[in-house]
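[1] Output the structure for:
(chains A and B)
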Amino acid sequence: MRAPANEEGRPPYLGFGLGLRPQHYRDILDGNPEVDWFEVISENYMVPGGQPLAILDRIAERYPVVMHGVSLSIASTQPFDEDYLDGLNALAKRVRPKWISDHLCWTGVHGVNLHDLLPFPYTREALDHVVSRVAYVQERIGRRLCLENVSTYVQFGQSEMPEWEFISELARRTGCWLLFDVNNVYVSAFNHGYDALSFLNGIPSDRVIQFHLAGHSDMVNYAIDTHDHPVRDEVWDLYEAALQRFGPVSTMIERDDDIPPLADMLDELAHARVLAEKVLGPKLHASAARPPTAA
Amino acid sequence: MAGDPRSPRRHRLKLKDFQDRFQRAILEGDDAILNDIPDGPRETKTNLLGIYRDAYPLRLIEVIGNDHELLRTYVGEDRFQVMARAYIESCPSQHPNARWFARRLPEFLSAREPYSRQPVLGELAALERALNDAFDGVDAPVLSMTNLTTIPPESWARLSFVCHPTAACLDVYSNVGAIWTALKAGKEPPSCTLSKDATRILVWRHDSTSMFRELTAEEAMMWEEMVKGRRFGDLCEMLAIYDDPPGAPARAAGFLKGWLEAGLLSEVVPAA
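    Model prediction:
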C-alpha cells in the first residue's frame, strides 16, 4: 500500500518505560524518575481540559510519550467514530507521541460499546476487512498505526489461520507497526494450548516496535489478563525469548489495578533492563541512549 | 492443530454476523455463538465465554463507581451493585470513551422506579457528574480583581462578564449538598430532607479542584442574569427591585467580588 502522509520510517528505540498512571503523577513531577518514556492511555486524556491534560503537558515536556488507545475498534464491522479519530488527532498534535497504538480487536457493533477487547475469527474476510480499516486510520492519523495482540479466552471454529499468521499478513499488507504484548501471548497460548514460541516465531521481526509486559491472574484452568499483579516468571522467560528474536525493542510495563508505589514499578522495570542487558549485551547499549529529559 | 482451530466443514459466518452474535451472547445471554467455539484444553467453552460475559458488567460497574464514589457509599455496596446493573442494562454505552458511560445515570435514577422515589439519589449523581465535568472541563483564563483595577469607576455600570466555562448550575430539592459534604468527609450523612422550592447549586473548577456551593435566591438571580451578558449597572438595578434598593450596589459588588475570588469569571467585556 501507499505509505501514509508524514511517513518517517521506523520510530526510535525508547528504552524502558511505564504506563502513566494518576497515582504516580506527583512522584514523576517531583522526582524526575529514571524512566525512559511513558505510555499514556489516549482516552484518559481525550477530555476538554483540566488537571489531567495539564499534567500530561508537563510530563510530555520531560519524557517521550507514546499514545495507547483502547477504543479504536479496528476489527469492528461498524463504521469508525469520526469524532473519536478527530480527538485522537487533537491529542497527538498536543503531546506529539512517538507512535500511536491500539489493539487488534473490536469493542462493539450497532452503536454499542462493550469496552472490552473482543476476539474475532482469523478469516481471510476478516483480514481484508481489517486491512482496509488500518489503511483508513493510517490516512486519518497521517502515520503508521501500531497494533497490539490481545489476550483471548476463546477461539473460533471458522478461523482459517493462526493469530500470528493473521498479524503477519496484516503487517505485510498495511505496513503497520506491531506492539508485541508478551503477557498477552503467554495468556492466549496458555488458554488455547499452543506453544507461545510458535506465536513469537511467527511474527515478523522488522515490524515490532514495542513490547508490553504485565501481570495476569492464574485461574488454574485458564489465565486472565488482569494487569493487577507483577510480571510473572513465565512471562519474563518469554520476554527473554522475545528479546532474542526481536532485538532491542522499546519495552514498558502495564499496571492498571492494585497499582503499587512508583518505586516498586521502577524495581520491576530495572529487572527488564537487567534481562535485556543479559540477552542483548552491547547490542542493547548501542541503541539505548536515554532520550534527554529536562533538568 | 493447537492454535489453529480451523474446521473445514463448518458454515462460515460473515464477520458482521459473527460480531452481532458475539455481542448478543454478552448483552442478552444468547448461546448461539457457542456453536462456533471449541472447548479449551482445560476449560469448557461455556466457562471461557463466561469470562467475557462476566467482565462486561464488572468493568462498567467499576466505571460507574469511579465517577460516583459517594453515591456508592450513600446507598451501600449491595444496592449500588443492583442499581449499576440496572443502569448498564437500560443504558448500554454508546461512546467509545468509557469516561462518558455514566453520563445518563442522574436522569436514569430520577426517572426509574424504585430510585425515582428517592430524588436525592438522582441529585447526588447529578452533583457528582457536574463535579466530574468541571474537573476536566475546558481550560480558560481566570479573571482576578487586579484585572479590574485599571477600569475607571464611571465605566463599571457598562461592564459585563463572561463566566468560567466549567461553571454550571443545577437545581436540587433535597439537602444533597450537605449529604455530599458529609460523605466526602467520611462522616455519617444527615437525613435526607426535601423542600418544595429548588435550591440552585453552582459547580466550577478553581485551581484544578472541582468546587460547589449553594446560592441564595438573590445571588442565583444575579448569576443567571450575569451569564446572559447583562451589564453590571443592570444587575444592580435588578437587585434593587429584588430587595433593599439603597443596599443593592453594595450587594452586587459583594457578589462580584466573591465570584472573582472563587475563580468563577474568565473575562470582562469593556464598556461599549
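[2] Which other helices and strands does the longest helix seen in chain B contact?
    Scanning chain B for the helix with the most residues, using DSSP state H, yields helix B:45-67. When contacts are defined as 3 or more CB pairs under 8 Å, 6 or more residues apart in numbering or on different chains; DSSP states H and E, helix B:45-67 packs onto helix B:15-27, helix B:77-90, helix B:119-135. Heads up, the C-betas are built off the backbone N, CA and C, glycines and all.
[3] and the longest one with chain A, contact?
    Yes. With CB under 8 Å from any CB of the partner chain as the criterion, chain A is reached by helix B:119-135 at B:A134, B:F135.
[4] Just the buried positions in that helix, please.
    Residues B:119-135 are the ones in helix B:119-135 that count as buried (16 or more other CB atoms under 10 Å in any protein chain shown).
[5] which stretch among the helices and strands packed on helix B:45-67 comes nearest A:I59?
    Of all the helices and strands packed on helix B:45-67, helix B:119-135 sits nearest to A:I59, with 18.2 Å by CB to CB.
[6] angle of that closest one against helix B:45-67?
    Using axes from the mean of the first three to the mean of the last three CA atoms, to 10 degrees, the inter-axis angle of helix B:119-135 relative to helix B:45-67 is 80 degrees.
[7] Just the CA atoms of the helix or strand following helix B:119-135, as PDB, please.
    Next helix or strand after helix B:119-135 toward the C-terminus (DSSP states H and E): strand B:160-163. C-alpha atoms of strand B:160-163 as PDB (Å, rounded to 0.1, in the frame of the first residue of the first chain):
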ATOM      1  CA  SER B 160     -20.300  42.700  31.500                       C
ATOM      2  CA  PHE B 161     -18.600  39.500  32.400                       C
ATOM      3  CA  VAL B 162     -18.000  36.000  31.000                       C
ATOM      4  CA  CYS B 163     -18.200  33.100  33.400                       C
END
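[8] mind listing what the helix or strand just after strand B:160-163 pairs with, with the direction of each?
    Downstream of strand B:160-163, the first helix or strand assigned by DSSP H and E is strand B:168-174. Sheet pairing of strand B:168-174 (DSSP bridges) gives strand B:194-206 (antiparallel).
[9] elements contacting the helix or strand just after the partner strand?
    Downstream of strand B:194-206, the first helix or strand assigned by DSSP H and E is strand B:209-215. Contact analysis of strand B:209-215 by 3+ CB pairs under 8 Å, 6+ apart lists helix B:119-135, helix B:176-184, strand B:194-206 as its packing neighbours.
[10] These into TSV, with extra columns for mean pLDDT and distance to A:S73?
    TSV is the format used below for the helices and strands packed on strand B:209-215 (pLDDT from 0 to 100; distance: least, CB to CB, whole Å):
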stretch	mean pLDDT	distance to A:S73
helix B:119-135	98	24
helix B:176-184	98	36
strand B:194-206	96	31
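[11] mean confidence for stretch B:103-111?
    When pLDDT is averaged over stretch B:103-111, the result is 97.
[12] does it come close to chain A?
    No. Stretch B:103-111 does not reach chain A (CB under 8 Å from any CB); its nearest approach is 13.0 Å.
[13] Same question for that stretch: list its buried residues.
    B:R103, B:R104, B:L105, B:P106, B:F108, B:L109, B:S110.
[14] Secondary structure for those - can I get that in JSON lines?
    What follows is these, written out as JSON lines (DSSP: H, G, I helix; E, B strand; the rest coil):
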{"residue": "B:R103", "secondary structure": "helix"}
{"residue": "B:R104", "secondary structure": "helix"}
{"residue": "B:L105", "secondary structure": "helix"}
{"residue": "B:P106", "secondary structure": "helix"}
{"residue": "B:F108", "secondary structure": "helix"}
{"residue": "B:L109", "secondary structure": "helix"}
{"residue": "B:S110", "secondary structure": "helix"}
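[15] just to revisit the earlier point, out of the helices and strands packed on helix B:45-67, which gets nearest to A:V47?
    Across the helices and strands packed on helix B:45-67, closest to A:V47 is helix B:119-135 (CB to CB), at 8.7 Å.
[16] tell me what that closest one is packed against?
    Under the contact rule (3+ CB pairs under 8 Å, 6+ apart), helix B:119-135 is packed against helix B:45-67, helix B:69-75, helix B:105-111, strand B:168-174, helix B:176-184, strand B:194-206, strand B:209-215.
[17] and of the helices and strands packed on strand B:209-215, who's closest to A:K283?
    Once the helices and strands packed on strand B:209-215 are compared by CB to CB, helix B:119-135 is nearest, at 45.7 Å.
[18] Return the alpha-carbon coordinates of the closest one using PDB.
    What follows is helix B:119-135, C-alpha atoms only, in PDB (Å, rounded to 0.1, in the frame of the first residue of the first chain):
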ATOM      1  CA  PRO B 119     -35.000  12.200  44.500                       C
ATOM      2  CA  VAL B 120     -31.800  12.600  46.400                       C
ATOM      3  CA  LEU B 121     -30.200   9.700  44.500                       C
ATOM      4  CA  GLY B 122     -30.600  11.400  41.100                       C
ATOM      5  CA  GLU B 123     -29.500  14.700  42.600                       C
ATOM      6  CA  LEU B 124     -26.400  13.200  44.300                       C
ATOM      7  CA  ALA B 125     -25.500  11.500  41.000                       C
ATOM      8  CA  ALA B 126     -26.100  14.900  39.200                       C
ATOM      9  CA  LEU B 127     -23.800  16.700  41.600                       C
ATOM     10  CA  GLU B 128     -21.100  14.200  41.200                       C
ATOM     11  CA  ARG B 129     -21.400  14.300  37.400                       C
ATOM     12  CA  ALA B 130     -21.200  18.100  37.500                       C
ATOM     13  CA  LEU B 131     -18.100  18.000  39.600                       C
ATOM     14  CA  ASN B 132     -16.500  15.400  37.300                       C
ATOM     15  CA  ASP B 133     -17.400  17.600  34.300                       C
ATOM     16  CA  ALA B 134     -15.800  20.600  35.900                       C
ATOM     17  CA  PHE B 135     -12.700  18.600  36.800                       C
END
